[in-house]
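Enquirer: from the sequence below, what's the structure:
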Amino acid sequence: MSGDNLRQVTEVKHPLVQHKLSILRKKETSTCEFRNLLHEIGLLLGYEATRNLPLEDVEIETPVAKMTGKRLAGRKLCLLSILRAGEGLLSGFMELVPSARVAHIGLVRNPKTLEPDEYFFKAPSDIDQRLNIAVDPMLATGGSAIAAITAIKQRGAKNILFVCLVAAPEGIKKFHDAHPDVPIVVASVDERLNDHGYIVPGLGDAGDRIFGTK
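Expert: Numbers count the residues shown, from 1 in each chain. A predicted model of the protein is given here:
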């Protein structure tokens, strides 16, 4: 990867994230435990992803005295879940910011072009005025993530962040070739893609493991 791509990637090395991710990766981890861990890691990644949210002063009164506190300024977040696996990360973010708006995009691979085709999109009308955080556990080849970000940009979104669990260097490069203005927050940048487009060492198919369809 180029230096520019690396500067746009934040790899979250927090001990709890790395510990939970190791359990999540294990092939013996049950569907229930996988979902719970993904929720917990989503909550932790959410702290990093929202680190730079703008604040404004607000006057409040504690049981002891009046003071100037802080609150989030402007419109709240929009969380974009890339179906179907994005739902696994979404719940942690929603617990962290329950007032956030939520968008969904559904993509399916076209059997002729092998590119993602959009089959569903629903989002707030004012995504151009919000920080849009797109969530998907995997950034492998980059196709779905690129298509999702392209879709919200076409609807006016400008302030965008992409959050995932694990990413392949090949996917990061392809993503930032297409969207150099969109930072990535990830729990782990893994080694590579294999010949079948799976991340190595990865964690398998996140959607199948979340919903028990493997």
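Enquirer: need the helices for the chain, in chain order.
Expert: Along the chain, the segments classed as helices by DSSP state H run 3-7, 15-25, 31-49, 86-96, 143-154, 169-178, 206-211.
Enquirer: could those go into a markdown table alongside mean neighbour count and mean pLDDT?
Expert: Every C-beta, even on glycine, is put in place using the N, C-alpha and C of the backbone. Conversion of the helices of the chain to a markdown table gives the following (neighbours: other Cβ atoms under 10 Å; pLDDT from 0 to 100):
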| stretch | mean neighbour count | mean pLDDT |
| --- | --- | --- |
| helix 3-7 | 11 | 54 |
| helix 15-25 | 15 | 96 |
| helix 31-49 | 19 | 94 |
| helix 86-96 | 22 | 92 |
| helix 143-154 | 20 | 95 |
| helix 169-178 | 20 | 95 |
| helix 206-211 | 19 | 90 |
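Enquirer: for Lys27, what are phi and psi?
Expert: The phi and psi values for Lys27, taken as degrees, to the nearest 10, are phi -70, psi -20.
Enquirer: surely it touches Gly202?
Expert: No - applying Cβ atoms under 8 Å, one finds Lys27 not in contact with Gly202, separated by 10.9 Å.
Enquirer: the two: which has the busier surroundings?
Expert: Gly202 (21 against 7; other Cβ atoms under 10 Å).
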